[in-house]
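Colleague: Return atomic coordinates for the entry below.
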Amino acid sequence: MIYKQASLVWLAIALATLVGCGSSSPSGSTNQPFPSSHLAFVALPTSNAVASFHINNTTAVFTTVLGSPYPGGTSPAAVLVHPSNKFVYAANQIGNDISLFNIDSTLGSLLEVLPRTPTGLSPISLAMDSGGAFLFAANRLSNNISAYSIDSGSGALKAVAGSPFSTFFNPDAIALTPSAKFLYALNSNLGAVFAYTNTSGVLKPVAALPVLVGNVPLGITIDPAETFVYVTNSADNTVSVLSINSGTGALTLLGTYATETTPTAAAVQGQYLYVANSGSSNISEFTVAPTTGVLTQLTGSPVSAGTAPFFEIIDPNGLFLYTGSQTAKSISAFTIDTTTGVLTSAAESVPTDVPPVSMSVSK
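Modeller: Coordinates of the predicted model:
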């Protein structure tokens, strides 16, 4: 009987392998190691789960990790992978807490570590420093930001003294500068960005007044050089460029530029800025002047992006841009020309079965 059971197990594995090899879909599940790939994690709020994928380093082909998606907290709204590639965090908007997942280093599968860490009401956005020492969560309904130190061994979160830190009403998104010196909170109701200094997780408001941008801003991102902040104004069909005072963190509005319809997200790669336009289902491509922040659209911009791209993220290798569509329930890949910045569809798309809202990619 023992041998019979073993034979059935091996038969199941063999059949799974054959199905994977015969499938034309890049999302075929597998439990084999992928030495030439890295991992992506996607928040799926209607499934109360986080999906896990291998992404091929050179082709951007997605392969669903065996067992994905993995159950977690209630309605995850944001997801981040730790720079050690050992942990994943998900902010659960209805659960009012943060899930910690351990990553299986061989398979890429996830296992939630309980209990979950409490936040304020309706955590909607996450930010983490590049060293993985601190995690921040914007709590939309309790009007504050929770700050946690991260245990490097276990990934466990511990509230920083004084946390949560008050913000204005209904913060919608947060972004942390690469140096982690400053944190910026976006408020869609006011059309404004609020600035904070960060010292070991302790947030203090910058003395300057919040900077007004456009109407109903939804996306905020910071360039790697820590020079500019970009905000997508969904009701105005524009993107605002703000400069960062390197000493104080104060922001100055430099200019606002036309995009296509309903811009929802922005991503930066070198001197290039990409804005996802949900309403017109395309991506606006810009070059950024290094000292003035002036945006100039690339020839051929915008590029078609399937159906209503809601968020976007640059792959750590700098070769691909990924967009997530809630309408199409999928993730799509675009190749970045490293010389010209032009995007080209990589013809790779993976279904998520339910609307995706956030994505994070390991290094």
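Colleague: In the chain, where is pLDDT below threshold?
Modeller: Within the chain, the segments meeting pLDDT under 70 span 1-35.
Colleague: surely residue 113 meets residue 98?
Modeller: No - when contacts are counted by CB atoms under 8 Å, residue 113 is not listed as touching residue 98 (10.9 Å). C-beta here means a position set from N, CA and C on the backbone, and glycine is covered the same way.
Colleague: And these two? Which one has more around it.
Modeller: residue 98 (25 against 14; other CB atoms under 10 Å).
Colleague: correct me, but residue 216 touches residue 187?
Modeller: No - using CB under 8 Å, residue 216 is not in contact with residue 187, being 10.4 Å away.
Colleague: With neighbour numbers in mind, choose between those two.
Modeller: Comparing residue 216 with residue 187 by other CB under 10 Å, the one with more neighbours is residue 187, at 21 against 16.
Colleague: In contact with that one: list those residues for me.
Modeller: By CB atoms under 8 Å, 6 or more residues apart in numbering, the contact set of residue 187 is 167, 168, 169, 170, 171, 172, 193, 194, 210, 217.
Colleague: Of those, which is the nearest to residue 351?
Modeller: The nearest member of the contacts of residue 187 to residue 351, counting by CB to CB, is residue 172 at 27.5 Å.
Colleague: any idea how far the closest residue to that closest one other than its chain neighbours lies from residue 363?
Modeller: Leaving aside its sequence neighbours, residue 172 sits nearest to residue 188 (CB to CB, 6 or more residues apart in numbering; 4.6 Å). From residue 188 across to residue 363, the span is 31 Å (CB to CB, to the nearest Å).
Colleague: try residue 132
Modeller: Applying CB to CB, the value for residue 132 to residue 363 is 11 Å.
Colleague: next one: residue 253
Modeller: Taking CB to CB, one finds residue 253 at 33 Å from residue 363.
Colleague: Of the two, which one has the most company?
Modeller: Between residue 253 and residue 363, counted using other CB under 10 Å, the more crowded position is residue 253 (16 against 11).
Colleague: Pairing partners for that one in the sheet, please.
Modeller: residue 242 (DSSP bridges).
Colleague: Can you give me the neighbour number for residue 268?
Modeller: For residue 268, the neighbour count with other CB under 10 Å is 18.
Colleague: Show me the beta-bridge partners of it.
Modeller: Counting by DSSP bridges, residue 268 is bridged to residue 273.
Colleague: got a list of what it touches?
Modeller: Residue 268 touches 221, 222, 223, 224, 230, 274, 288, 314, counting by CB under 8 Å, 6+ apart.
Colleague: any idea how far residue 273 is from the closest residue to residue 36 other than its chain neighbours?
Modeller: Nearest-residue entry for residue 36: residue 57, 5.3 Å, with adjacent residues in sequence omitted and distances by CB to CB, 6+ apart. Using CB to CB, we find residue 57 at a distance of 24 Å from residue 273.
Colleague: Compare those two and say which is more crowded by neighbours.
Modeller: Neighbour comparison, residue 57 and residue 273: the larger count goes to residue 273, with 26 against 17 (by other CB under 10 Å).
Colleague: my guess is the more buried one meets residue 289, correct?
Modeller: No - with contact defined as CB under 8 Å, residue 273 does not count as touching residue 289 (10.9 Å).
Colleague: How is the closest residue to residue 79 other than its chain neighbours assigned, secondary-structure-wise?
Modeller: Computed as CB to CB, 6+ apart, the closest residue to residue 79 that is not its neighbour in sequence is residue 43, at 4.2 Å. At residue 43 the chain is in strand, as set by DSSP: H, G, I helix; E, B strand; the rest coil.
Colleague: Could you identify the helix or strand that succeeds the helix or strand harbouring residue 100?
Modeller: With secondary structure defined by DSSP states H and E, residue 100 is part of strand 97-103. On the C-terminal side of strand 97-103, the closest following helix or strand by DSSP H and E is strand 110-118.
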